[in-house]
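Visitor: No letters, just coordinates:
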């Protein structure tokens, strides 16, 4: 999936981010309730999730007739969604949650690999839902509906020891690696505009389609700092054998949501009911624990929440 890289460290990072057998992020435990190793590249065992007739009755007829729920994901965003060791099987906590939603409705979940920035425009046409660690923002709420299901912040990641002396209170003059279409890209671009307005050294925002490429940019020295969702930043750190470290604390905790076609009230209600059921019956918590990211758990699935933090 990657072109040739500049160093052995970079090669180690890219391979580990896609095919590793351990993860970190907002890690709280090392095993799940079934005794499986948390953060493995195998998904959580969902065999106990059965069709719920009340929830299945809420599923839009078009999806029911098709027999599958199509979900757009950007599959380089470990541990939320990425590819297993075979290089083709989607795994991660978002994959498990999406699969469990389909099982509650008695339909198959079909994961469609997509670039992050293409998902919102494609919801309701190319696929039914977007589930891809997507932060709920006012701007995105203008384009799609959301059902909240997780909470994450942003983290800054630098080379071990911070050799470039990155100070997040003064970003002017830095090269910042981000993924295209993310909240972090927007914040980095705002910082660049402010530095320019203040007549200070320019910020160079290095925006890439894949989150793994953004992290690799720091390892290779192409960027000074990598800015991403906290679980993703933590996972990248855990996979580089001491090459990277987090700078400061997690910032700006915000809710993430399942993206749904704007105004599709039936799908909104189906997803809200399904996610809430997974929360209430414990499946949701077990999935997050399996991947070591239960610190971001929430207990209420809301349609277009007004409190985004």
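Guide: Nice, I can see it. Not measured: the values here are computed from a predicted model. Numbers count the residues shown, from 1 in each chain.

Visitor: Quick one: residues contacting residue 98.
Guide: 69, 71, 73, 109, 111, 129, 131 (CB atoms under 8 Å, 6 or more residues apart in numbering). To be clear about C-beta, it is placed using only N, CA and C from the backbone, and glycine gets the same treatment.

Visitor: can you do 10 Å?
Guide: 69-73, 81, 90, 92, 109-111, 129, 131-132, 258 (CB atoms under 10 Å, 6 or more residues apart in numbering).

Visitor: now those residues: which count as buried?
Guide: Buried subset of these (neighbour count, 16 or more other CB atoms under 10 Å): 69-73, 81, 90, 92, 109, 111, 129, 131-132, 258.

Visitor: Tell me how far the residue in the chain sticking out farthest from the centre lies from residue 217.
Guide: For the chain, the largest distance from the centre (CA atoms, centre = their mean) belongs to residue 199, which lies 35.0 Å off. Taking CB to CB, to the nearest Å as the measure, residue 199 falls 27 Å from residue 217.

Visitor: So what's the predicted local confidence for residue 231?
Guide: Per-residue confidence at residue 231 stands at 87 (pLDDT).

Visitor: helix/strand/coil for it?
Guide: Taking DSSP: H, G, I helix; E, B strand; the rest coil as the rule, one finds residue 231 in the helix state.

Visitor: Renumber starting at 19 from here on
Guide: That works, and once the first residue is 19, the last one we named lands at residue 249.

Visitor: Touching, it and residue 97? I think so.
Guide: Yes: counting by CB atoms under 10 Å, residue 249 touches residue 97, with 6.2 Å between them.

Visitor: tell me the secondary structure for the residue nearest in space to the middle of the chain?
Guide: Note on the chain: the residue nearest the mean C-alpha position is residue 151, at 2.9 Å, using CA atoms, centre = their mean. Classification of residue 151 by three-state DSSP places it in coil.

Visitor: what about residue 211, how many neighbours?
Guide: When neighbours are defined as other CB atoms under 10 Å, residue 211 has 11 of them.

Visitor: which phi and psi does residue 120 have?
Guide: In terms of degrees, to the nearest 10, the main-chain angles of residue 120 are phi -60, psi -40.

Visitor: Show the contacting residues for it.
Guide: Residue 120 is in contact with 64, 67, 69, 77, 81, 85-89, 126-128, 292, counting by CB under 10 Å, 6+ apart.

Visitor: how long is stretch 102-118 from one end to the other?
Guide: End-to-end distance of stretch 102-118: 18 Å, with CA to CA, to the nearest Å as the criterion.

Visitor: Same question for stretch 104-115.
Guide: Using CA to CA, the end-to-end distance of stretch 104-115 comes to 21 Å.

Visitor: Can you give me the buried ones in it?
Guide: Buried positions in stretch 104-115, judged by neighbour count with 16+ other CB under 10 Å: 108-115.

Visitor: quick one: which of these is nearest to residue 241?
Guide: Each of the buried residues of stretch 104-115 was checked against residue 241 using CB to CB; the closest is residue 110, at 24.3 Å.

Visitor: from what I can see that closest one touches residue 100, true?
Guide: Yes: Residue 110 lies in contact with residue 100 (CB under 10 Å); the separation is 5.5 Å.

Visitor: Quick check: neighbours shared by those two?
Guide: Counting by CB under 10 Å, 6+ apart, the residues touching both residue 110 and residue 100 are 41, 59, 91, 93, 253.

Visitor: who wins for most neighbours among those residues?
Guide: residue 253 (32 neighbours).

Visitor: Adding secondary structure and distance to residue 315, write the contacts of residue 120 out as a markdown table.
Guide: Listed next are these as a markdown table, based on DSSP: H, G, I helix; E, B strand; the rest coil; distance: CB to CB, whole Å:
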| residue | secondary structure | distance to residue 315 |
| --- | --- | --- |
| 64 | coil | 17 |
| 67 | coil | 18 |
| 69 | coil | 24 |
| 77 | coil | 25 |
| 81 | helix | 27 |
| 85 | coil | 31 |
| 86 | strand | 28 |
| 87 | strand | 23 |
| 88 | strand | 26 |
| 89 | strand | 20 |
| 126 | strand | 26 |
| 127 | strand | 21 |
| 128 | strand | 26 |
| 292 | helix | 16 |
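
Visitor: what helix or strand does residue 167 sit in?
Guide: When elements are assigned from DSSP states H and E, residue 167 belongs to strand 162-177.

Visitor: scratch that, residue 305 is what I was asking about
Guide: For residue 305, the host element (DSSP H and E) is helix 301-309.

Visitor: which secondary structure elements does that helix contact?
Guide: Helices and strands touching helix 301-309, by 3 or more CB pairs under 10 Å, 6 or more residues apart in numbering; DSSP states H and E, are helix 111-123, strand 162-177, helix 248-256, helix 283-298.
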